[in-house]
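**Student:** give the three-dimensional model of this entry:
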Amino acid sequence: MGMIEDFKGWSRREGSAVTTLLVISLGLTALYLSINKFQGIEFIGYAGAGIAKPWTLLTYPWAPLIETGRGLVGSIFLMIWLYWIGRSVERDLSPSKMAGFWFAVTLAGALGNWVGMSATRVFAPLLGPEIPIAALTILWCTRNPSHTIRVYMVIPVTGKWIAWITVACVLVGYGYEVPLMGIVDCIPLFLAYLYAANRLPRLAYGSGGVYQATQKEATTRGQVMYDQSYFDEVKRREKEREERERLKKLLGED
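**Tutor:** Numbers count the residues shown, from 1 in each chain. As a prediction, the model looks like this:
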């Protein structure tokens with residue numbers, strides 16, 4: 001009980017409970033499957049059997065085939081990336097919306113994959129969390145297009161280019177034999193972009209904590225009106241400043 005309470009307190013302070021649980025559960029499941037030589041992976045991986053195994057529409061991220069896929073090192077880096085961007089997105093949204101987004105893009109990925117397999121008659125099961133993590137990456141990059149990340153601590157890449165690289169990886173990775181499969185597997189990425197850009201009707205991005213004034217109330221000094229995008233930009237810049245300060249502390253800079 002003490003460990004659980006400590007975790008609850010820590011997750012509330014960090015604002016990343018869902019992200020932490022995702023990383024832990026994905027890692028433990030991958031370890032268990034590896035030890036057992038991937039026996040039972042067919043019960044959680046998605047292979048187009050949505051009617052016979054409806055739960056696999058949402059559980060395939062927990063069925064990574066590490067030996068023939070990205071490998072152990074790639075899996076570790078993928079979990080680090082998920083933890084880094086997941087915390088940022090979860091603070092922007094909320095734990096409940098973060099969980100909702102994860103399962104929504106997971107479901108969209110499975111449905112798109114089913115459409116592709118039905119159209120091409122090609123067996124292309126979904127195994128692993130690449131699709132929802134790619135969608136999460138697109139969401140973060142859309143909100144932070146000018147944020148710079150140093151790949152391997154050397155090569156600077158902005159969020160905009162990370163988004164394009166992510167799309168290219170999904171297109172090629174899932175569609176190198178049948179291009180249509182790569183296209184349909186990009187559907188969750190497109191939906192993530194629409195959500196992050198506030199282009200989905202009646203589904204605004206964010207935690208909803210910002211006060212939205214009416215036409216008469218939305219005035220400030222000098223009677224200048226501000227819309228929701230202004231407040232989103234303020235939040236984004238505050239978050240970037242916090243990330244820079246945290247990085248300086250980690251590097252020991254003054």
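
**Student:** please count neighbours and contacts with C-alpha atoms only from this point.
**Tutor:** OK.

**Student:** burial of residue 238, as a residue count?
**Tutor:** Each residue near residue 238 was counted by other C-alpha atoms under 10 Å, and the total is 12.

**Student:** that one: which element?
**Tutor:** helix 228-251 (DSSP states H and E).

**Student:** next: residue 150.
**Tutor:** strand 148-151.

**Student:** what comes into contact with that strand?
**Tutor:** 155, 156, 157, 158, 159 (C-alpha atoms under 8 Å, 6 or more residues apart in numbering).

**Student:** greatest separation within these: which pair is it?
**Tutor:** Farthest apart among the contacts of strand 148-151 by C-alpha to C-alpha are 155 and 159. That separation is 12.9 Å.

**Student:** quick one: which of those two has more around it?
**Tutor:** residue 159 (21 against 9).

**Student:** need the contact list for the more buried one.
**Tutor:** Contacts of residue 159 (C-alpha under 8 Å, 6+ apart): 140, 141, 142, 144, 145, 146, 147, 148, 149.

**Student:** for the helix or strand that contains residue 142, packing partners?
**Tutor:** Taking DSSP H and E as the criterion, residue 142 maps to helix 130-143. Contacting helix 130-143 under the criterion 3 or more C-alpha pairs under 8 Å, 6 or more residues apart in numbering; DSSP states H and E are the following elements: helix 71-92, helix 95-120, helix 159-175, helix 187-196.

**Student:** can you pull the buried residues of the longest one?
**Tutor:** Of the residues in helix 95-120, those buried by neighbour count under the rule 16 or more other C-alpha atoms under 10 Å are 95, 97-99, 101-117.

**Student:** now do it, average pLDDT.
**Tutor:** For helix 95-120, mean pLDDT rounds to 94.

**Student:** what helices and strands are in contact with that helix?
**Tutor:** By 3+ C-alpha pairs under 8 Å, 6+ apart, helix 95-120 packs against helix 17-35, helix 56-59, helix 71-92, helix 130-143, helix 179-184, helix 187-196.

**Student:** dump those to TSV, plus distance to residue 167, mean pLDDT and mean neighbour count.
**Tutor:** Listed next are those as TSV, based on distance: least, C-alpha to C-alpha, whole Å; pLDDT from 0 to 100; neighbours: other C-alpha atoms under 10 Å:
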stretch	distance to residue 167	mean pLDDT	mean neighbour count
helix 17-35	22	91	17
helix 56-59	21	92	22
helix 71-92	16	88	17
helix 130-143	8	96	24
helix 179-184	9	94	21
helix 187-196	7	96	22
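
**Student:** could you dump those into TSV with distance to residue 164 added?
**Tutor:** Converted to TSV, the helices and strands packed on helix 95-120 look like this (distance: least, C-alpha to C-alpha, whole Å):
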stretch	distance to residue 164
helix 17-35	23
helix 56-59	26
helix 71-92	16
helix 130-143	9
helix 179-184	14
helix 187-196	11
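
**Student:** for those helices, which one sits closest to residue 47?
**Tutor:** Closest among the helices and strands packed on helix 95-120, using C-alpha to C-alpha: helix 56-59, at 8.1 Å.

**Student:** what's the burial count for residue 121?
**Tutor:** 9.
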